[in-house]
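J.: this is the structure alone, sequence omitted:
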């Protein structure tokens, strides 16, 4: 079975770039990880994870060893994948990557957080970011765009695609949660709506991510209309797993690559 992959038209129109937001379908893992779990951080079989990654890369036309990932910890750190990067090296702690190197796929793993893929049409520079609320608030998107600029990109030429993540209707947060966002910018109240449960709110993560990208002057921003929490047959979800007491969960892969 071929892995299911979502793409956005705007990035598809950028020459010499391939990208994909993979669903959980089309892999070899079983149980909680069925079937395209691409995260070694899960307690899945490492051999199955490697096979799943290879299937995903085959869909993009990339050699399995040319998938670059990082050790994500909800930081604002960005790794530059340059000529010094080699397959098999222990991933650095970061939550985003940028490159102008051809043939290397930048891979982001998520399970409710927002994967963001970016490209400059003319500079042959791409980026990929893991934007959970902590990282987005801390500036991971700002740092990703800045790192792309240092490689020759310009925000007014960039296209950014926000992949499948948890939707506002599924993201209930506690009364203390909005404070950090409102302290950053009072207008961030637009990303919160009241929950039927007193004192609680629903948070619009993809909306906040899109606004952060817009404030960075990114030319075009596309959002995928998906909800990882509610679309169980298509996506892994950390929050769904926690609410069910399952103890673990798979990871969805998103990737972007420059073609020669």
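T.: Arrived safely. Here the structure is a predicted model, which is why all the values come from computation and not from measurement.
J.: give me the distance from the one helix or strand in the chain whose mean pLDDT sits lowest to the chain's centre.
T.: Least confident helix or strand of the chain, by mean pLDDT, DSSP states H and E, is helix 9-12 with a mean of 92. Here helix 9-12 is found 17 Å from its chain centre; the criterion is C-alpha atoms, centre = their mean, to the nearest Å.
J.: ok, whichever helix or strand comes after it: who's next to it in the sheet?
T.: With elements assigned by DSSP states H and E, the helix or strand that comes after helix 9-12 is strand 17-22. Strand 17-22 sits in its sheet next to strand 5-6 (antiparallel), strand 252-258 (antiparallel), going by DSSP bridges.
J.: distance between the longest one and the chain's centre?
T.: With C-alpha atoms, centre = their mean as the basis, strand 252-258 stands 9 Å off its chain's centre.
J.: mean confidence for that strand?
T.: What strand 252-258 shows for mean pLDDT is 98.
J.: ok, now which residue in this protein is the farthest from the centroid?
T.: Most distant residue from the mean C-alpha position of the chain: residue 198, 31.5 Å away (C-alpha atoms, centre = their mean).
J.: what ranges do the helices span in the stretch 151-260 of the chain?
T.: 178-184, 205-215, 238-244 (DSSP state H, counting those that start in this stretch).
J.: any chance of these in CSV, plus distance to residue 58?
T.: (C-beta placed from N, C-alpha, C; glycine too.) Formatted as CSV, the helices of the stretch 151-260 of the chain follow (distance: least, C-beta to C-beta, whole Å):
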stretch, distance to residue 58
helix 178-184, 40
helix 205-215, 29
helix 238-244, 27
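J.: return the most buried member of the strands paired with strand 17-22.
T.: strand 252-258 (a mean of 27; mean count of other C-beta atoms under 10 Å).
J.: excluding sequence neighbours, find me the nearest residue to residue 188.
T.: residue 181 (4.1 Å; C-beta to C-beta, 6 or more residues apart in numbering).
J.: same thing with residue 21?
T.: residue 163 is the one closest to residue 21 (C-beta to C-beta, 6+ apart), at 3.9 Å.
J.: and that neighbour, how many neighbours?
T.: As a burial measure, residue 163 scores 29 neighbours (other C-beta atoms under 10 Å).
J.: over to the one 3 residues further on?
T.: The number of residues packed near residue 166 is 28, by other C-beta under 10 Å.
J.: now do the one 5 residues further on
T.: Close neighbours of residue 171, defined as other C-beta under 10 Å, add up to 21.
J.: roughly how far apart are it and residue 191?
T.: Per C-beta to C-beta, to the nearest Å, residue 171 is found 10 Å from residue 191.
J.: isn't residue 53 right next to residue 109, touching?
T.: No - counting by C-beta atoms under 8 Å, residue 53 sits too far from residue 109 to count as a contact (10.1 Å).
J.: which neighbours do the two have in common?
T.: With contacts taken as C-beta atoms under 8 Å, 6 or more residues apart in numbering, residue 53 and residue 109 have 38, 253 as neighbours in common.
J.: returning to what we had before: for the least confident helix or strand of the chain, buried residues please.
T.: Applying a neighbour-count criterion of 16 or more other C-beta atoms under 10 Å, one finds 10-11 buried in helix 9-12.
J.: what helices or strands is that helix leaning on?
T.: Judged by 3 or more C-beta pairs under 8 Å, 6 or more residues apart in numbering; DSSP states H and E, helix 9-12 is in contact with strand 17-22, strand 158-162, strand 220-223.
J.: any idea which of the helices of the stretch 151-260 of the chain gets closest to residue 35?
T.: Distance to residue 35, taken as C-beta to C-beta, is lowest for helix 238-244 among the helices of the stretch 151-260 of the chain, at 15.8 Å.
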